[in-house]
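Student: Could you look at this predicted model? Sequence included:
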Amino acid sequence: MPEIKGTLPRIFIAATLVLLLPLAGAAALGKPLAPYLQFPPKTPDVPHVPFSLPVFLVLALLILAATAPLLLRLVSFRPKEESRKPVVPFPTWGWAGAILGVASWILAWTRFPWMSDFQAHMFTPLWIAFILLANAFTVRRTGRCLMLSRTRPFLLLFPVSAGFWWSFEYLNRFVGNWRYAGVAGFGAVEYFLYATLPFSTVLPAVLSTRELLLSYQRIEGAFREWRPLSPGHPGAIGLAALFLSCAGFFAVGILPDVAFPLVWVAPPTLLITLAVLRGERHALSGIGSGDWHSPVSSAIASLLCGFFWELWNFGCNVKWVYEIPYVDALHVFEMPLLGYAGYLPFGVLCAEIGDILLDGAGHGS
């Protein structure tokens, strides 16, 4: 697995910076650091600023400006005629996933007394079912899927995903943008299991959804050959982006209400910038030659998964709720509308982490 070994220094540097820079920012203000490191974690009582229409409108315009070219390309692209005939029949294990999903959804949203001891843990089977279905539909369309054709790296995604999302839980201790309701009675071990099991499904879900999306010509064809974007001085731009991402993590510990969007933007920027400076391939490498299919499909896959994360969370008795400054309005389920934009850079980060595993550990699987 030379690819993985080659990227380990980059991942180690990024993880160290993510851990230390927010703490350094908090320490610079004289905040006590112990609450950020305690376990089980306690979401800090950050006094968030209220909704602000001017800030909401400015952020909405920025998000629209960033995504409008991609949306226009997606809508205007005319794919070649695709055969509607399935390549292979829908697999039996896909039907098992559908049954598991329906049963888990019912049990998660109802309040049967006999399920009370297990209801807090229904999010994991919901996402196992989602992953099975995404792979089953991909098999039906293409005859292969991530789960079957690259089994070893696919399974490795689960433990890596757990640690991956725990890093976001750590960053949330500084910004306090979400908290979990219904976990007050959990001890350390139960909380760890309750959190780690569903966290382990994040990367498999996003990457399985990406593979399904890429089986459609509209996405694969629209962005495989599009607009080349190659900066003239990648080294200088990389150093500037590295400085800005590090400054963003530092700011998270100082000005959480101002810097909270950087929780989603700074991690992919940091990891990809380190790849640029080390001369390694990364999730945005293709855009220099006009190949946008990987980052765009990953962002859309993350947004689709985000919709279902928020949907299924909405009716659970143990769930997360949001407290987001400036833009806490127009909720779709528990999430404020503009909060869904965070799933777009998050998808690029999922692609960066996931492709390291899929490309590095996939040989011979």
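Tutor: That came through fine.
Student: all contacts plus neighbour counts: C-alpha atoms, from now on.
Tutor: Will do.
Student: Go ahead and name everything in contact with the helix or strand harbouring residue 124.
Tutor: Assessed by DSSP states H and E, residue 124 sits inside helix 123-142. If you take Cα atoms under 8 Å, 6 or more residues apart in numbering as the criterion, helix 123-142 is touched by 86-91, 93-95, 97-98, 100-101, 104-105, 108, 144-147, 197-198, 201, 204-205, 208-209, 211-212, 215, 312-313.
Student: out of these, which are buried?
Tutor: 90, 94, 97-98, 100-101, 104-105, 108, 144-147, 197-198, 201, 204-205, 208-209, 211-212, 215, 312-313 (16 or more other Cα atoms under 10 Å).
Student: Helices - which of the contacts of helix 123-142 land there?
Tutor: Counting by DSSP state H, the part of the contacts of helix 123-142 found in helices is 93-95, 97-98, 100-101, 104-105, 108, 146-147, 197-198, 204-205, 208-209, 211-212, 312-313.
Student: Give me the distance from the helix ranked longest in the chain to the chain's centre.
Tutor: When the chain is parsed with DSSP H, its longest helix is helix 2-28. From the chain centre to the centre of helix 2-28 is a distance of 18 Å (Cα atoms, centre = their mean, to the nearest Å).
Student: Equivalent analysis for stretch 132-139, please.
Tutor: So, by Cα atoms, centre = their mean, the centroid of stretch 132-139 is 20 Å from its chain's centroid.
Student: With stretch 336-343 instead?
Tutor: Relative to the centre of its chain, stretch 336-343 is centred 12 Å away, using Cα atoms, centre = their mean.
Student: Ok, stretch 29-46 next?
Tutor: How far stretch 29-46 lies from its chain's middle: 24 Å, per Cα atoms, centre = their mean.
Student: Could you pull up the mean pLDDT of it?
Tutor: For stretch 29-46, mean pLDDT is 83.
Student: measure that stretch end to end?
Tutor: With Cα to Cα, to the nearest Å applied, stretch 29-46 spans 15 Å between its terminal residues.
Student: And the contacts of it?
Tutor: Residues from elsewhere that reach stretch 29-46 (Cα under 8 Å, 6+ apart): 23, 26-27, 170, 172-176, 178-179, 187-188, 191-192, 254.
Student: which one in these is the model shakiest on?
Tutor: For the contacts of stretch 29-46, the pLDDT minimum is residue 187, 77.
Student: how about the nearest residue to that residue, chain neighbours excluded?
Tutor: Excluding the flanking residues, the one nearest residue 187 by Cα to Cα, 6 or more residues apart in numbering is residue 40, at 7.4 Å.
Student: Now do that neighbour: how many residues are near it, please.
Tutor: Residues contacting residue 40 under the criterion other Cα atoms under 10 Å number 14.
Student: Which of the three states applies to it?
Tutor: Secondary structure, DSSP: H, G, I helix; E, B strand; the rest coil: residue 40 is coil.
Student: Now it: phi and psi?
Tutor: Note on residue 40: its backbone torsions stand at phi -60, psi 150 [degrees, to the nearest 10].
Student: ok, now how distant is it from residue 248?
Tutor: For residue 40 relative to residue 248 (Cα to Cα), the value is 26 Å.
Student: Show me the contact partners of the one helix or strand residue 268 maps to.
Tutor: Here residue 268, judged by DSSP H and E, is contained in helix 262-278. Residues from elsewhere that reach helix 262-278, judged by Cα under 8 Å, 6+ apart: 10-11, 14, 18, 168, 171-172, 234-235, 238-239, 241-242, 245-246, 248-249, 252, 281-284, 342-343, 345-346, 348-349, 352.
Student: Okay, and which of these map to helices?
Tutor: 10-11, 14, 18, 168, 171-172, 234-235, 238-239, 241-242, 245-246, 248-249, 252, 343, 345-346, 348-349, 352.
Student: of the residues you listed, buried ones?
Tutor: In terms of neighbour count (16+ other Cα under 10 Å), the buried residues within those are 10-11, 14, 18, 171-172, 238, 241-242, 245-246, 248-249, 252, 343, 345-346, 348-349, 352.
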